[in-house]
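Chemist: Show me the folded form of this:
(chains A and B)
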Amino acid sequence: MAYESEADERTTTESGTSGLAGAKRRLGITEDQSNLAGLLFVAPNVAVFSVFLLGPVLYAFYLAFTEYSMLTHESTWVGLDNFWTVLTPWPWENGFEPLRDPGANTWWFSLRNTAIYAIGTVPLQIYGGLAIALMLDKRVRAKSAYRAAYFMPVMLSGAASAVIWRWLLADNGIINEFLSPLGLAHNWAGDPNTALGAIMLLAIWGGIGFNMILFLAGLQNVPQELYEASRIDGASAWQRFRHVTWPNLGNTNFFVIVMAIIGAFQVFGIALVFEEGGPYYATTTAVLRIYQRAFEENYFGEGAAMAMILFAIIFAFSYWQYRYRKSEEVDY
Amino acid sequence: MSRNRISHDNSGRITRRRVVQSAAAAGALGLAGCLGGDDDETDPDEIDEGDLEGTELSLTGWATDDTEYELLQEQVEQFEEEYGADVDYEPIPSEYERQVQTQIGAGEIADAFYLDASYYASFASEGVLVDLEQYIEEDDDLDVDDFFDPLIEAFTYDGTLYGVPKDFSTLGLFYNEPMLENAGVDEPPETWDELRESLEAVQEEGEVDYPMFASDDGRMFFPLLFQKGGQVLSEDGDECVVASEEGVEALEFVVELLEDDLIGRPSETGYEWHGEALGSEGVAMAVEGTWAIASLESEFSDVDDDVDVAHLPIPEDGEQATAAYTVCYSSSEHTEDPGAAYTLISELTDSEGMQAWAEQGLALSAHEDHDDLEYYEDHPRRQTMLEAGDWAEVMNFGPESGEIMNVLTPELEGAITGQNDPQTALERAQEQINDDVL
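Modeler: The predicted model follows:
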């Protein structure tokens, strides 16, 4: 790039400069960069993005340091107070009480719920999706029907699937009809010890199809000649997967993992509809807690502070994944 | 949601009220003539028919269905015709509280709007509402004494009335008469002991899996707490006292019924709410609000005749009490003409306005003397629930109601699901509310 722009500058200088071009040069704008038409094309998007996304995000960042009343529109600067209120007592205090007892610090407890949810759902969503994609990438009868069936839950809204699963998992629901002969019938949704698991089950069911589609797309991009070459070299099915398919799915994998982690940390709709964060805080996730604190209890500053903390966590995970991916990049 | 304006020919209609008003107007004609109609601040005492010519007002609320929307629209049109004002009625379809908050913050709120008692105080405490007391005092058509006392108390914040009750609902004991009769229970239970006995009888009869339905949020706990003489907050609202002996006994009673499978929860029964459970004949009893009657009538008409309503059973050492839910009309300080806004509110909530509103049956008339209305004589279930207005306690716990409920509800859930015993649950809630909220 550096070479090019220097070359550009030289040409501009050589061909003689008008006022505008001179101004551009002084500002360091090269011909390549001054694409007015391009800027005009992105302008509507940038405008909408700024007004409806960037602006509110920056304002939320500001709110995190204030005490704000939606009604009077008044805000008082309180520095880091909101963060302090949200974060204390620290999770390790009193023998990790905030992680065991929602009453001690609801924010840490909701983060604990979110972490359990993420750990439980992300790997299964991803590798379940990969497994199904691999199976459906073969010559299978009625392949498209299977693909459609696995993708169907993705098209359902979270709220609708939460309602469906609450019925399925109810004490007298259809799942217990099958489990009761085995003596395993249980009020899955209504018991604080199993409700989070029930939501995880529903999230895996809903998320697997999405990842399957992405992996299927990724699989189409693996060059066939690599498989041919590896076959000729006598590679087993596992070796072909390990050394051809897997490295070539790197980009897909990165995208899927990042999206799944972000999705898991932001889980809200299904938790709200399933049991409104209950029973007994069992499904109170981080975003649900933010919603409650800001919009139900009118502490917008604290809500914004929680949102910033959640943002930092998600950002850290995405960045770490990005760095990790860089170090793993393959080249043939 | 369809927003059809109903065409309604009012031209030939003479109501009783009109006759009275014309007479009054004739008497006040001289006075009214001296008034400029376009003053920014109009004194409602002096606002008469036609005096609001050219005044633009806006009104918002929520509309549960088309009937509710159309009825209010009709009342608004009548007001427009009488006073010459131009009223824009536009309900907010969802997330009402959030929307109203935002609109008040932005100064874009309607001149008159609904506020639910559960969050009313958080608005009143911020000083964004218009003091309506000054107007009601000078209003000949409306008096605070017309309303049930608990409702006026609910909308009085720091000694000032910022809202006029729109309507209210109480909790009553809904029961399926034939089911109780089959179980040998001839009269609905009047005491807690009788309630337990009749639930046991229904359970023994085996017609249903669970004799009674209750939601997870522990709503049923509150009327029982009030019956025992307990409260959530102390008189001055500075302290949470829910873990009193009375509170523990009330919650223990509920939890024991749950433990014995005499009450079924949504996740146990598969029903979403009380009305559905009763209407599907899935349970014999439920403690539920007035709104369920309208739902039974329209959605479960084949079971509707079997379901009756009685006053809540009370403990042997307790008193009549129930929980009430209510909504008011308020106006914000952003309104340009509070006097005109009040006139609209007054018209919607005075005896005639209230009667028209209440007769759609979704909620009860907030007027104390409406118990002898023909409508209530024809609708005995609603009459029973209206009677309870005398001893009902409105569910609102001051400006921090939202947070208090967000602490209390999960702890009640904890007791209901057996995570904690009732005493521990209430003590935990009380401690948290006293330490973190108040």
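Chemist: State the distance from B:F155 to chain A.
Modeler: 17 Å (Cβ to the nearest Cβ, to the nearest Å). All C-beta spots, glycine's among them, are computed from the backbone N, C-alpha and C.
Chemist: Spell out which parts of chain A neighbour chain B.
Modeler: A:69-73, A:102-103, A:166-167, A:169-173, A:187, A:189-192, A:275, A:277-281, A:284, A:292, A:295-299 (Cβ under 8 Å from any Cβ of the partner chain).
Chemist: Kindly recompute the last result at 7 Å.
Modeler: A:69-73, A:102-103, A:167, A:170-173, A:187, A:189-192, A:278-281, A:292, A:295-298 (Cβ under 7 Å from any Cβ of the partner chain).
Chemist: Out of these, list just those in helices.
Modeler: Counting by DSSP state H, the part of the residues of chain A next to chain B found in helices is A:W167.
Chemist: Was I right to think B:W357 contacts B:F168?
Modeler: No: if you go by Cβ atoms under 7 Å, B:W357 and B:F168 don't touch, sitting 11.5 Å apart.
Chemist: Contacts only, for B:N182.
Modeler: Taking Cβ atoms under 7 Å, 6 or more residues apart in numbering or on different chains, we find B:N182 in contact with B:205, B:207.
Chemist: Distance of it relative to B:P188?
Modeler: 14 Å (Cβ to Cβ, to the nearest Å).
Chemist: Excluding chain neighbours, give the residue nearest to the residue most central in space within chain A in space.
Modeler: Compute the mean C-alpha point of chain A, and by Cα atoms, centre = their mean the closest residue is A:I262, 1.9 Å away. What sits nearest to A:I262 in space, not counting adjacent residues and going by Cβ to Cβ, 6 or more residues apart in numbering or on different chains, is A:I314, at 5.6 Å.
Chemist: Quick check: that neighbour touching A:F265?
Modeler: Yes: with contacts counted by Cβ under 7 Å, A:I314 reaches A:F265, the gap being 5.2 Å.
Chemist: Name the residue in those two with the higher neighbour count.
Modeler: A:F265 (21 against 18; other Cβ atoms under 10 Å in any protein chain shown).
Chemist: and that one, backbone torsions?
Modeler: phi -70, psi -20 (degrees, to the nearest 10).
Chemist: Quick check: which element contains A:G128?
Modeler: helix A:106-136 (DSSP states H and E).
Chemist: what mean pLDDT would you report for that helix?
Modeler: The predicted model assigns helix A:106-136 a mean pLDDT of 93.
Chemist: What distance do you get for the closest residue to chain B within the stretch 101-250 of chain A to A:P247?
Modeler: Nearest residue of the stretch 101-250 of chain A to chain B (Cβ to the nearest Cβ) works out as A:G190 at 2.9 Å. Distance, A:G190 to A:P247, using Cβ to Cβ: 46 Å.
Chemist: out of these two, which sits in the more crowded spot?
Modeler: The neighbour count for A:G190 versus A:P247, taken as other Cβ under 10 Å, is higher for A:G190 (25 against 16).
Chemist: nearest spatial neighbour of that one, skipping sequence neighbours?
Modeler: Closest to A:G190 by Cβ to Cβ, 6+ apart is B:S267, at 2.9 Å.
Chemist: thinking again about what came up before, so what does the helix or strand hosting the residue nearest to A:I262 touch, helix or strand wise?
Modeler: A:I314 belongs to helix A:300-328 when assigned by DSSP H and E. Helix A:300-328 is packed against helix A:55-63, strand A:66-69, helix A:81-87, helix A:250-265, helix A:286-291, with contacts defined by 3 or more Cβ pairs under 7 Å, 6 or more residues apart in numbering or on different chains; DSSP states H and E.
Chemist: Lovely, talk soon.
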